[in-house]
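Participant: Predicted model, plus sequence, below.
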Amino acid sequence: MYKLLKTILFRFDPEKIHYFVTGALQSAQKVWGLPKLLKASFKLEHPSLETEVFGLKFKNPVGLAAGFDKNGEYIQELANFGFGFIEVGTVTPLPQPGNDKPRMFRLPKDEALVNRMGFNNKGVDVLARKLENINREGLIIGGNIGKNKNTPNEDAVKDYVKCFDRLFDVVDYFVVNVSSPNTPGLRELQEKEPLKHILNTLQNKNLKHGISRPILLKIAPDLTNEQLDDIVEIVQETKIAGVIATNTTISRDNLTSDESLKTEMGGLSGKPLTSRSTEVIKYLSQKSNQSFPIIGVGGIHSAKDAQEKLDAGAALVQLYTGFVYEGPGLVKQILKALIKK
Ligand SMILES: Cc1cc2nc3c(=O)[nH]c(=O)nc-3n(C[C@H](O)[C@H](O)[C@H](O)COP(=O)(O)O)c2cc1C
């Protein structure tokens, strides 16, 4: 069924279709009986799927990755597809338009996407207000935070703090995104000193709030082993809750798509990322002696891909490109396989 729908959807511009589909889901949400029907078709609840990670209780370990619902506009609709958690953002303090269009490209031969969205979002205030007004029904919500394009790296910490403070009461965990390849200079914040400064500042904020929200760091798959060693040290030193591995890659190795698509600037996601992101998870898990939880993301297109991430040391997994290529049934497919295990 989704295969047929996909052949139609894939004829149109990827970004336009994204908004068309999410808009259609929003309309469907208002049709009497339809949300119930969707839930009955896609949701799967089972005690063996429930899991507690960094102090939060997840109904299941399969989440929606950041970037799909940047402004938290479709949480209720997306929850119908059975996700155990949804990560909204990346959000920045001020609204910003992102890069010029087109900025999202499909590479069907490789079952991949390239995007250079550039943190297009409506700003943290709009997101916070959306989150104040939703019915969560046990769904865990993560807030993925970033800096505005015009904020120099020296002041980046202020942007992360603004987003952290504004979202503190409305999200369950935070993700510090310093790994998007589409904001000039952002990845330099993955260096030891700037990163420690941002994470320590947010951890101090946590202390001041009395209750603390788990903070995770989202990293790029393009880091060297030495840089990954630094990440382990930084996580342990700053005592943040864990790591999300990985964001999109700037590598274009082993692609079969035409040159014109391969050379589009931006981050590559989907199948070509599967093994590298699993490798990063395994490395971090071993190097840290499993001392912190990892959320595994990157090229999960099947139950087997998800299981490999979990076997490599991930406590939870997230999907984005696989959800686009395989359809919403992928969540249930993974959950069914996990129950059987
Ligand atoms: C169109 C698009 C937009 C994205 N935007 C964000 C974002 O705003 N913040 C972020 O941390 N990751 C973002 N990502 C990265 C995903 O969350 C995920 O880490 C990455 O795509 C790898 O997973 P996948 O292969 O399942 O897509 C984006 C990915 C895509 C394809």
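Facilitator: Nice, thanks for sending it over. Numbering: from 1, shown residues only.
Participant: who in the stretch 201-341 of the chain is up against the ligand?
Facilitator: By the criterion of C-beta under 6 Å from any ligand atom, the positions of the stretch 201-341 of the chain lying close to the ligand are 218, 247-248, 269-270, 273, 297-300, 319-322. Where C-beta positions appear, they are placed from N, C-alpha and C, glycine not excepted.
Participant: export those to a markdown table and tack on pLDDT and secondary structure?
Facilitator: Rendered in a markdown table, the data for those read as follows (pLDDT from 0 to 100; DSSP: H, G, I helix; E, B strand; the rest coil):
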| residue | pLDDT | secondary structure |
| --- | --- | --- |
| 218 | 97 | strand |
| 247 | 97 | coil |
| 248 | 97 | coil |
| 269 | 98 | strand |
| 270 | 98 | strand |
| 273 | 98 | helix |
| 297 | 98 | strand |
| 298 | 98 | coil |
| 299 | 98 | coil |
| 300 | 98 | coil |
| 319 | 98 | strand |
| 320 | 98 | coil |
| 321 | 98 | helix |
| 322 | 97 | helix |
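Participant: Closest one to residue 183 out of those, please.
Facilitator: Lowest distance from residue 183 to those (C-beta to C-beta) belongs to residue 247, with 11.5 Å.
Participant: For the residue nearest to the closest one when sequence neighbours are not counted, list the residues it contacts.
Facilitator: What sits nearest to residue 247 in space, not counting adjacent residues and going by C-beta to C-beta, 6 or more residues apart in numbering, is residue 179, at 4.0 Å. Counting by C-beta atoms under 8 Å, 6 or more residues apart in numbering, residue 179 makes contact with 186, 187, 190, 218, 219, 220, 246, 247.
Participant: thinking again about what came up before, can you pick the most crowded of the residues of the stretch 201-341 of the chain next to the ligand?
Facilitator: Using other C-beta atoms under 10 Å as the contact criterion, the top neighbour count among these goes to residue 298, which has 34 neighbours.
Participant: And the residues of the stretch 201-341 of the chain next to the ligand, which is closest to residue 263?
Facilitator: Out of these, the one with the shortest distance to residue 263 is residue 248. That distance is 15.6 Å, counting by C-beta to C-beta.
Participant: Skipping its backbone neighbours, what lies nearest the closest one in space?
Facilitator: Leaving out its chain neighbours, the residue that sits closest to residue 248 by C-beta to C-beta, 6+ apart is residue 267, at 2.6 Å.
Participant: next one: residue 165
Facilitator: Computed as C-beta to C-beta, 6+ apart, the closest residue to residue 165 that is not its neighbour in sequence is residue 205, at 6.9 Å.
Participant: isn't residue 277 right up against residue 295?
Facilitator: No - with contacts defined as C-beta atoms under 8 Å, residue 277 does not count as touching residue 295, sitting 10.8 Å away.
Participant: Now the common contact residues for those two.
Facilitator: residue 245.
Participant: Off-centre distance for the helix or strand hosting residue 38?
Facilitator: Of the helices and strands defined by DSSP states H and E, residue 38 is found in helix 34-42. In terms of C-alpha atoms, centre = their mean, to the nearest Å, the centre of helix 34-42 is set 24 Å apart from its chain centre.
Participant: can you check stretch 289-297 too?
Facilitator: From the chain centre to the centre of stretch 289-297 is a distance of 15 Å (C-alpha atoms, centre = their mean).
Participant: Give me the local confidence score for residue 332.
Facilitator: According to the prediction, residue 332 has pLDDT 97.
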